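1. pasting the structure only:
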């Protein structure tokens with residue numbers, strides 16, 4: 001082997017080692033770059049996830065805040081609307097608690113441990129009827145029997161509490177106080193429910209723009225006005241001298257042509273229906289008539305006697321008379337002409 005071959009091989013080996021070292025450095029650099037990119041992508045993903053979680057937390061926080069604000073507004077509006085009712089809450093609640101606890105103790109003395117359920121018969125029944133009366137009044141339904149149930153069970157509760165108070169030491173004053181306390185809350189509740197309220201007395205009306213004036217519907221007559229009767233024009237026929245009878249001959253009488261009457265003439269001769277007598281007006285009757293017509297316009301039918309009596313604050317007799325008059329009145333037909341349609345479209 002010559003010296004040149006040895007030198008060439010050494011050069012080739014040195015070049016190979018250099019190339020290998022360069023390749024290893026490039027591979028390591030590529031690995032480090034990939035690791036940096038992976039770490040950067042992982043960091044970006046974590047940051048995006050954190051940002052999404054933060055946005056979700058902010059949205060939930062804003063939603064809870066909006067809910068609290070909305071609840072506070074609703075509570076304030078309800079408090080303003082029922083401010084008068086809220087004033088009587090202590091007057092209603094305190095006697096109810098005292099009577100409930102006293103009746104539970106009295107029931108335990110009579111029936112044993114299960115006697116604590118006695119207030120569910122006396123106190124709870126009285127309050128159930130009282131709540132039913134309030135709901136019925138707000139719905140405009142008859143509440144006569146419900147009010148009777150309130151006072152029947154109020155008498156039961158007062159009697160049981162009186163017996164409880166009297167049995168403790170045979171003291172009349174104790175029994176009377178316990179009886180009055182037992183029904184005091186429900187009496188106040190019924191007085192609040194029975195008070196005249198313009199919000200409860202008027203049925204719900206559809207929303208109208210505040211600035212739009214309310215115009216009453218024009219009342220149109222049921223039948224069109226009768227057509228004017230025009231007399232037929234009378235024309236004298238020319239005298240035909242050629243057909244004139246000779247002297248001494250009897251003239252020939254020709255019958256007149258008979259024609260049927262026209263529709264206008266029949267309408268002109270048709271008798272008009274008599275109007276029913278109008279009852280004398282009074283403030284209570286006018287108010288009941290106004291409320292009944294308003295109820296019919298809103299619901300499509302007339303109210304009952306109880307509903308009209310409670311709504312208009314009139315007696316049942318006045319309400320029945322007004323409803324009878326409205327039922328006897330005929331339903332008018334509105335005649336729509338071209339002029340009315342033109343005015344409605346303009």
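-> That came in fine, so what should we check first? Just so it is clear, the structure is predicted and the values come from calculations on it, not from any experiment. Residues are numbered from 1 along each chain as shown.

2. from here on, just use CA atoms for contacts and neighbour counts.
-> Fine.

3. helices of the chain, start to end?
-> Assigned by DSSP state H, the helices in the chain fall at 3-81, 83-87, 89-111, 123-139, 144-169, 172-194, 198-201, 263-269, 283-299, 305-312, 316-328, 338-345.

4. buried residues in stretch 95-104?
-> Neighbour-count burial for stretch 95-104 flags 95-96, 99-100, 102-104 (criterion: 16 or more other C-alpha atoms under 10 Å).

5. hmm, back to that, tell me which of the helices of the chain is the most buried.
-> Each of the helices of the chain was scored by mean neighbour count; the highest is helix 305-312, a mean of 22, by mean count of other C-alpha atoms under 10 Å.

6. report the angle between the axes of that helix and helix 316-328?
-> Taking axes from the mean of the first three to the mean of the last three C-alpha atoms, to 10 degrees, one finds that helix 305-312 is oriented at 110 degrees with respect to helix 316-328.

7. now helix 305-312: average pLDDT?
-> For helix 305-312, the mean per-residue pLDDT is 84.

8. and for stretch 8-27?
-> pLDDT averaged over stretch 8-27 gives 86.

9. any low-confidence regions in this protein?
-> Applying pLDDT under 70 to the chain flags residues 1, 170, 194-281, 330-346.

10. hang on, the earlier thing: could you dump the buried residues of stretch 95-104 to TSV with distance to residue 49?
-> Formatted as TSV, the buried residues of stretch 95-104 follow (distance: C-alpha to C-alpha, whole Å):
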residue	distance to residue 49
95	58
96	56
99	60
100	57
102	62
103	62
104	60
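
11. same list (the helices of the chain) but as TSV, adding distance to residue 117.
-> Converted to TSV, the helices of the chain look like this (distance: least, C-alpha to C-alpha, whole Å):
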stretch	distance to residue 117
helix 3-81	34
helix 83-87	29
helix 89-111	7
helix 123-139	10
helix 144-169	14
helix 172-194	16
helix 198-201	36
helix 263-269	79
helix 283-299	44
helix 305-312	37
helix 316-328	41
helix 338-345	68
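
12. from the buried residues of stretch 95-104, which two are the most distant?
-> Spatial extent of the buried residues of stretch 95-104 (C-alpha to C-alpha) is set by the pair 95 and 104 at 14.0 Å.

13. list the contacts of the residue lying closest to residue 166 once chain neighbours are set aside.
-> Leaving out its chain neighbours, the residue that sits closest to residue 166 by C-alpha to C-alpha, 6 or more residues apart in numbering is residue 175, at 4.7 Å. Contacts for residue 175 (C-alpha atoms under 8 Å, 6 or more residues apart in numbering) come out as 161-166.

14. do residue 291 as well
-> Contact analysis of residue 291 by C-alpha under 8 Å, 6+ apart lists 308, 311-312.

15. picking up where we left off before, quick check, nearest of the contacts of residue 175 to residue 188?
-> Among the contacts of residue 175, and counting by C-alpha to C-alpha, the member closest to residue 188 is residue 161, at 18.1 Å.

16. quickly note the distance from the closest one to residue 173.
-> 12 Å (C-alpha to C-alpha, to the nearest Å).

17. please apply the same query to residue 155.
-> Residue 155 is 18 Å from residue 173, by C-alpha to C-alpha.

18. quick one on the thing from earlier: just put the contacts of residue 175 in JSON lines and tack on distance to residue 38.
-> Below are those laid out as JSON lines (distance: C-alpha to C-alpha, whole Å):
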{"residue": "161", "distance to residue 38": "82"}
{"residue": "162", "distance to residue 38": "86"}
{"residue": "163", "distance to residue 38": "87"}
{"residue": "164", "distance to residue 38": "84"}
{"residue": "165", "distance to residue 38": "85"}
{"residue": "166", "distance to residue 38": "89"}
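
19. nearest to residue 185, of those?
-> Nearest to residue 185 among these, with distances taken as C-alpha to C-alpha, is residue 161, at 14.0 Å.

20. quick one: the closest one from residue 175, how far?
-> Residue 161 is 7 Å from residue 175, by C-alpha to C-alpha.

21. what's the answer for residue 24, then?
-> 106 Å.

22. which residue sits closest to residue 165, ignoring its sequence neighbours?
-> residue 175 (3.9 Å).

23. same check, this time on residue 171
-> Spatial nearest neighbour of residue 171, chain neighbours left out: residue 165 (7.3 Å); criterion: C-alpha to C-alpha, 6+ apart.

24. can you pull the contacts of the one you found?
-> Contacts of residue 165 (C-alpha under 8 Å, 6+ apart): 171-172, 174-178.

25. from residue 20, how far out is the residue lying closest to residue 188 once chain neighbours are set aside?
-> Nearest non-adjacent residue to residue 188, counting by C-alpha to C-alpha, 6+ apart: residue 92, 6.6 Å away. Using C-alpha to C-alpha, residue 92 is found at 98 Å from residue 20.

26. looks like the residue nearest to residue 188 contacts residue 190 (just checking).
-> No. If you go by C-alpha atoms under 8 Å, residue 92 and residue 190 don't touch, sitting 10.4 Å apart.

27. still on that earlier bit, mind listing what the residue nearest to residue 188 touches?
-> Contacts for residue 92 (C-alpha under 8 Å, 6+ apart) come out as 184-186, 188-189.

28. nothing else from me, thank you.
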